[in-house]
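Novice: Any chance you can model this:
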Amino acid sequence: MKLIYAGKSDKGKLRKANEDFFACQKIEKIDGDEYLFVVADGMGGHQAGDVASKLGTVTFVHRYGELREANTPIPEALRESISRANEEILEKATADLKKRGMGTTFSAVVLTDMKAHIVHVGDSRIYITRDNEIVRLTTDHTFVEKMVEEGRLTQEEARDHPQKNILYMSLGARQSFVPEVSESFNLKKGDILVLCSDGLNNMVTDAQIKEYVTNHPPQKAVEKLIKLANENGGIDNITLLVILVDGYKPKSSEKTEPIKIVKQRGKIPSFFSKLFSEEK
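Specialist: As a prediction, this is how the structure comes out:
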């Protein structure tokens, strides 16, 4: 499996520090390559959100590598690794009064053998584009998103809601939590995966994300989208990863499966049978 990818984190125009963190890790395997991508958006400001995002990511990547080296199945490795990351953040916050209350969002995708696996907590996002359409693969763990799911707000109303970034789940918030962990789903040549912190998707629309990543190679798409987010206000840190599968885009005449999505409250959207050809 060939991937072309690029990532960047930017402080934005208003924040004094960057509390985001991201990682791109290739895991060497005897039977093929495996890639791990992470975006984390730290919370806490003076309580060290930057420490939380970096500590959570580094802990997760290290533990995941150990588990996969021991041939632990990917879903189990994802769950155990994110649990370990949460424990490390809680322990750090308990040991240092200045870091009490710190936390982080955490969105990760593993790509191997033309399959993808996702683990997610918080309101950073993972998207996929295919056939000139874009689908969000993760749920925002915010109270405003819950109101959208319940039909009390529209997506348009939620986008400008003053409390849209209040989370009900993040790493470092509590000992017990249930992250989103997806079943594996198939990738196709030309698919583009996008991971980003809310500093990007609050400043640009999904349609703009789709436009830039489908019309530019990953590095240029990353640069242009971060520039656009800053031009639109840049009120938060901005982090973005763009991953092109197999370095290939289908010709406009080629037939591909349409993107359809069925939302499930509090879970990864159940659209595998429609978007992807799931292998049993």
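Novice: Mind jotting down where the helices sit in the stretch 51-200 of the chain?
Specialist: Residue ranges of the helices in the stretch 51-200 of the chain, as given by DSSP state H, counting those that start in this stretch, are 74-95, 143-149, 155-159, 198-201.
Novice: Residue 230 is in contact with residue 14, isn't it?
Specialist: No - taking contacts as C-beta atoms under 8 Å, residue 230 lies outside contact range of residue 14: 9.9 Å. C-beta coordinates here come from the backbone N, C-alpha and C atoms, glycine included.
Novice: Which one of the two is surrounded by more residues?
Specialist: Using other C-beta atoms under 10 Å, the more surrounded residue of residue 230 and residue 14 is residue 230, with 18 against 11.
Novice: And what about the more buried one, helix, strand or coil?
Specialist: Counting by DSSP: H, G, I helix; E, B strand; the rest coil, the backbone at residue 230 sits in helix.
Novice: Tell me how far it lies from residue 208.
Specialist: For residue 230, the distance to residue 208 under the criterion C-beta to C-beta, to the nearest Å works out to 13 Å.
Novice: Ok, residue 7 next?
Specialist: As judged by C-beta to C-beta, residue 7 and residue 208 stand 18 Å apart.
Novice: cool, residue 219 as well?
Specialist: If you measure residue 219 against residue 208 using C-beta to C-beta, the figure is 18 Å.
Novice: So between the two, which is more surrounded?
Specialist: Summary of the neighbour comparison: residue 219 and residue 208, criterion other C-beta under 10 Å, with residue 208 having more neighbours (18 against 14).
Novice: Quick check: the gap between that one and residue 89.
Specialist: Taking C-beta to C-beta as the criterion, residue 208 is separated from residue 89 by 33 Å.
Novice: again, but for residue 83
Specialist: On the measure of C-beta to C-beta, residue 83 and residue 89 end up 11 Å apart.
Novice: Give me the more crowded residue out of these two.
Specialist: It is residue 89, of residue 83 and residue 89, that has more neighbours when counted by other C-beta under 10 Å, with 27 against 17.
Novice: Tell me which residues touch the more buried one, please.
Specialist: When the contact criterion is C-beta atoms under 8 Å, 6 or more residues apart in numbering, the partners of residue 89 are 52, 55-56, 102-104, 171-172.
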